[in-house]
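# Provided below are the primary sequence and the corresponding predicted coordinates.
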Amino acid sequence: MAQQLLRIDQLQVGFPIEGNINSAIHNLSLELYPGETLGIVGESGSGKSITALSVMQLLPTTARITGGSIWFAPRNATQPLDLTRLKPAEMRKLRGAEMGMIFQEPMSALNPVMRCGVQITEVLQLHENLDYKTAFSRTLQLFDQVKLPDPERIFRAYPHQISGGQKQRVLIAMAMACNPALLIADEPTTALDVTVQKSILDLLLQIKQDRGLSMLFISHDLGVIADICDRVAVMYQGQLVETGPVAQILSQPVHAYTKGLLASRPSLTHKYKRLPVLSDFLGSTVFIQPEHITKKETEQRHTELYAQKPLLRVENLGVQYPIRKNWLGQTIMTKYAVQQVGFQLFQGETLGLAGESGCGKTSVGRALVRLTPAFTGQIWYGNVDLRQLKPHEFRTVRKEIQMVFQDPYAALNPRMRVGEAILEPMEVYKIGKNKKERKEKVVDLLETVGLEADHYKRYPHAFSGGQRQRICLARALALEPKILICDEIVSALDVSVQATVLNLLQELQAKFGLTYLFISHDLSVLHQMCDRLLVMNQGKIIAEGYPEALFSHSNEPLVRQLVEATPGRKLLPH
């Protein structure tokens, strides 16, 4: 076998806290060979990103390597170097030139006050001593290689002026600028819709093939790992629990944690009454096989749901945004985000809204709660057109139609304790006789969504992403709504946390009779959750039906494209 490009030996990383070391990585050993893609998979907090940052020697100042070594073989060196012993100046020469990294969040990784192209010319000038004209030309070539449209426009653009997929491609171009031997990709497709995700994965595979580089690919999504990696290492609580060829690990997992990760994934081919979660595997001697929802049960539910009158009717909905204003601030050009959208929503139903980023899904949801103004159409809630209500009249309806947002941290006030955040809307709408009764209800809601009573006094930063999403659900439920609009609420969560949130939503629906408008780009999640599905493209509904029929028999090209782009569809067990 060829000499290892990267070898991690007994690595230990810790965070010093009050004189003690809180260990994040425990005796980790891995190896990566030339031309190989090694995947590292695990939940948030398993140590994946800390491992990558250790290799790049970019650990936060609060962390330190307490043991082990990281051996890397640069192309111009006669023998491998121990990265943990290099001086900062020596390490800077390797970063960018010999090893590149694609960071998880492109908006945070790119400098918001520098044009995208300048951020790459800077890398070329620093590592290859190029003049600006040559670096400019090379940057345009890189943008063309990563398939960015109109490279000169992207060069001049600031990060906020391009889409998420385009920002990710700029980061890839930056990482590949000096043709490194090692590329580390840390969750490069998290929260991207499936078609953009597939294009990014295809691009990385093409670059790997063209340049013969090695890749360390980090993800919590086993489907993505299945599509791009040769071998996979599974991490749990800072330890390596299982490693081997991708096909072997995914088809015959040995460790209970790996089995739990695989089982927690929703499927495109069948629905569960309850998704398996990690606790079913870890610390349990007997695993109960999850029950499938049968075709007869599905048909019976449809019969009961659609025998009712609709709870909400949307007719000819249109939403537009200003894209150009004159010097007086008056809008002189607009663009339609939603055009002629119509649908019905029935009591107790979960209606899915699918499509690529920018198709208008979120705009529809926000228009229903008047967070975005609708310019045309009617929104009938019972016999009332919500668009005709004055602001003070709509306030009484708003508590019955609540929205849970995609980013739970941004949706919560970081300076407000979570109990107070849940209590506040109850005080506004005078729910409960007094503050004592409201506090009791807040505690009950926290326990209903799987949290604890003593979480009342904590701030949002003290919770994980999945816990914050539960807090947002509790706040929405505080007003006793009839309809919940869920906007991509599990898109950035680990698959195991995602499973617990989806199970919780189904339990809440059964307990409170809730009706959901469920917005997502993940077809497997939509299949698990939804009774009916609408597919949007360029602001219009292009397909409608039951998920089972749409995914298997649709003649709509975009629907087939979304199904084909679902990661791990062919390799992962269903």
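Now that the structure is in, tell me what you want to look at.

# Could you give the backbone dihedrals for the residue of the chain positioned farthest from its centre?
The outermost residue of the chain relative to its centre, with distances by C-alpha atoms, centre = their mean, is Thr78 at 41.8 Å. In terms of degrees, to the nearest 10, the main-chain angles of Thr78 are phi -80, psi -20.

# next one: Tyr429
phi -100, psi 10.

# wait, what's in contact with it?
With contacts defined as C-beta atoms under 8 Å, 6 or more residues apart in numbering, Tyr429 is in contact with 399, 479. In short, each C-beta sits where N, CA and C put it, glycine included.

# Then Gln320?
By C-beta under 8 Å, 6+ apart, the contact set of Gln320 is 334-338, 375.

# which one of the residues you listed is nearest Val196?
Closest approach to Val196 among the contacts of Gln320 (C-beta to C-beta): Ala337, at 17.9 Å.

# roughly how far apart are that closest one and Ile542?
Distance, Ala337 to Ile542, by C-beta to C-beta, to the nearest Å: 15 Å.

# higher neighbour count, these two?
Neighbours were counted for Ala337 and for Ile542 using other C-beta atoms under 10 Å; Ala337 has more, 21 against 16.

# which SSE is that one in?
In this assignment (DSSP states H and E), Ala337 forms part of strand 331-346.

# pretty sure Cys359 is in contact with Ile542, am I right?
No. Using C-beta atoms under 8 Å, Cys359 is not in contact with Ile542; the gap is 9.2 Å.

# which residues do those two both contact?
Met536.

# What values do phi and psi take at His220?
The phi/psi pair for His220 (degrees, to the nearest 10) is phi -100, psi 0.

# Equivalent analysis for Ser199, please.
phi -70, psi -40.

# Show the model's pLDDT score for the nearest residue to it once chain neighbours are set aside.
Of all residues not flanking Ser199 in the chain, Gly165 sits nearest, at 7.0 Å (C-beta to C-beta, 6 or more residues apart in numbering). As predicted, Gly165 sits at a pLDDT of 77.

# Show me where the stretch 251-400 of the chain has its strands.
310-325, 331-346, 350-354, 376-381, 384-385 (DSSP state E, counting those that start in this stretch).

# so of the ones you listed, which one's packed in deepest?
Stretch with highest mean neighbour count among the strands of the stretch 251-400 of the chain: strand 350-354 (a mean of 25; mean count of other C-beta atoms under 10 Å).

# partners of that strand, with directions?
strand 515-519 (parallel), strand 532-537 (parallel) (DSSP bridges).

# Can you tell me what sits against the last one?
Read it as strand 532-537. 341, 343, 349, 351-356, 359-361, 364, 526, 541-547, 550, 556, 558-559, 562.

# which among the residues you listed end up buried?
Buried subset of those (neighbour count, 16 or more other C-beta atoms under 10 Å): 341, 343, 349, 351-356, 359-361, 364, 526, 541-543, 545, 547, 550, 558-559, 562.

# helix, strand or coil for Phe143?
Using DSSP: H, G, I helix; E, B strand; the rest coil, the structure places Phe143 in helix.

# what about it, how many neighbours?
For Phe143, the neighbour count with other C-beta under 10 Å is 24.

# Wait, it touches Ala173, no?
Yes. At 5.9 Å, Phe143 counts as touching Ala173 under the criterion of C-beta under 8 Å.

# Leu216 - that's part of a strand, no?
Yes. The assignment for Leu216 by three-state DSSP puts it in a strand.

# measure it to Ile70 for me?
From Leu216 to Ile70 the distance is 12 Å (C-beta to C-beta).

# Mutual contacts of these two, please.
Common neighbours of Leu216 and Ile70 (C-beta under 8 Å, 6+ apart) are 6, 55.

# Between the two, tell me which one has more neighbours.
Leu216 (27 against 24).

# pretty sure the residue nearest to Ser199 is touching Lys198, no?
No. Shown here, Gly165 and Lys198 do not form a contact pair, counting by C-beta under 8 Å, at 10.6 Å.

# Return the distance of stretch 181-197 from the chain's centre.
Distance of stretch 181-197 from its chain centroid, counting by C-alpha atoms, centre = their mean, to the nearest Å, is 11 Å.

# buried stuff in that stretch?
181-197.

# before we move on, what about stretch 240-257?
Quick answer for stretch 240-257 (16+ other C-beta under 10 Å): 240-243, 246, 249-250, 253, 255-257.

# circling back: tell me which of the strands paired with strand 350-354 sits most buried.
strand 515-519 comes out most buried of the strands paired with strand 350-354 by mean count of other C-beta under 10 Å, with a mean of 25.

# what pLDDT, on average, does that strand get?
Across strand 515-519, pLDDT averages out at 96.
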